[in-house]
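Chemist: Sharing a model that was predicted from the sequence below.
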Amino acid sequence: MKTDYPKRSSHHAHKLTRLLFKSCAAQDIGHQAICLVIHIAHTEDAARYQGPVRFWNSQLMEVLGFNSPKQLTAARDRAVNAGWLVYRRDNDRTVGHYWTCTPASVTKFDDEPIEPVDSIHSESGTRIHSEIGKHSENGTGIHSESGTQSGMHCGTHSGMHCGMPSYPTPNPDPNPMSTIEIADAVSLVCDTKTPKFTDADLETAKWMFSLIVAKAPKTEKPNLKSWASQIRLLREKTSSTDGEVRAAFAWANHDEEFWAMNVRSPSSLRKNFAKFDAEARRAAPRIENSTHIAAGPAVETVKAKKQRIASQCREHSHAQN
């Protein structure tokens, strides 16, 4: 399928998401279409903006909670007609190709807060305290003020300013860390007794990257030692062998329609490792024939290492006697 996928600027998905809210797009296309556009945008980001992302209708229905294909189609049509989404599909038997775009009507909106953040914080803090002090003298006034004035502000004020809030939230981190990635980082820093990784872990990291590059040649080379450390954590926390880790990744990488573009590192592998491990066991012959899983060097467990050292100490003691 020939596409005219556009060239992306830095952090396109995050900027697009902020524009969706800043332009009050949910009032025009609904919250379901908003979720669909955001999901497509961040999947593009995960794929490093190398081209359209592909989804079957059933995948989007499961991820986004649509109750029927008709509901998904309606939300998708609203997003496409409003200029936020491009959808291409040759026929009912092929997978859909998606990418996001910015409507010409909202290109005039900038991506910056309306007011300096420091002045907003100081002004809002003063105003909140003064309002609380004012209304504490009259208990009935608090509920009246919060109910009526907030409703007028959300309905009238936001509509007049086209979604540009008086108190915009700070720009999000363009590369947020998941809970699993944070836990891995803490383990890497704090775990001083256990080696960071083995030679087998490093070889597995190189092997994973080679499979990714085969499908996406422009992928930037990661820190392979960091990947090796993450693989070591994955093995130990799931009690898996090096071969099982490779098999699980090979299954995900073999799934052309979805997982190959979404599982591109050890940390993303770990998020759904139990599923990938189960699928790899079911499809072992097919995956091995197509991907050529090579087992890395044997990994010496902690227990085996202790037994080996104890045996060496006994032999040394007998030699001295």
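Modeler: Sure thing, it's come through.
Chemist: and Leu85, what does it touch?
Modeler: Listed by C-beta atoms under 8 Å, 6 or more residues apart in numbering, the contact partners of Leu85 are 33, 36-37, 40, 76, 79, 98-101. (Glycine included, C-beta is placed from N, CA and C.)
Chemist: in the sheet, who's paired with it?
Modeler: For Leu85, the beta-bridge partners are Thr100 (DSSP bridges).
Chemist: picking that back up, tell me the one of the contacts of Leu85 nearest Pro217?
Modeler: Closest approach to Pro217 among these (C-beta to C-beta): Trp99, at 19.6 Å.
Chemist: Tell me the confidence at the closest one?
Modeler: As predicted, Trp99 sits at a pLDDT of 94.
Chemist: go on, the one 10 residues further on?
Modeler: On pLDDT, Phe109 comes in at 75.
Chemist: and it, how far is that from Val37?
Modeler: Distance, Phe109 to Val37, using C-beta to C-beta, to the nearest Å: 16 Å.
Chemist: Which of the two has more residues huddled nearby?
Modeler: Counted by other C-beta atoms under 10 Å, Phe109 and Val37 do not tie: Val37 has more neighbours, with 27 against 15.
Chemist: re the thing from before, taking the contacts of Leu85, tell me the two that lie furthest apart.
Modeler: Ala33 and Trp99 (15.3 Å).
Chemist: With neighbour numbers in mind, choose between the two.
Modeler: Remark: of Ala33 and Trp99, Ala33 carries more neighbours, 25 against 21, as counted by other C-beta under 10 Å.
Chemist: buried set for the host helix or strand of that one?
Modeler: Ala33 is part of helix 31-46, with elements assigned from DSSP states H and E. Burial within helix 31-46, assessed by neighbour count using 16 or more other C-beta atoms under 10 Å, is assigned to 32-45.
Chemist: Looking at those, which one is closest to Phe273?
Modeler: Closest to Phe273 out of the buried residues of helix 31-46 is Thr43 (20.2 Å), distances taken as C-beta to C-beta.
Chemist: The nearest residue to Lys196 once chain neighbours are set aside: neighbouring residues, count only.
Modeler: Once flanking residues are discounted, Lys196 sits nearest to Ser229: 4.8 Å by C-beta to C-beta, 6 or more residues apart in numbering. Neighbours of Ser229 under the rule other C-beta under 10 Å: 23.
Chemist: So Ser229 is in contact with Phe197, correct?
Modeler: Yes - using C-beta atoms under 8 Å, Ser229 is in contact with Phe197, at 4.9 Å.
Chemist: Now for these two: what residues contact both?
Modeler: Joint contacts of Ser229 and Phe197 (C-beta under 8 Å, 6+ apart) do not exist.
Chemist: Now Arg54. Its backbone dihedrals?
Modeler: phi -120, psi 140 (degrees, to the nearest 10).
Chemist: same deal with Gly96?
Modeler: In this entry, Gly96 is assigned phi and psi values of phi -80, psi 140 (degrees, to the nearest 10).
Chemist: which residue packs closest to it, ignoring adjacent ones?
Modeler: The shortest distance from Gly96 to any residue other than its chain neighbours is 4.6 Å, reached at Arg89 (C-beta to C-beta, 6+ apart).
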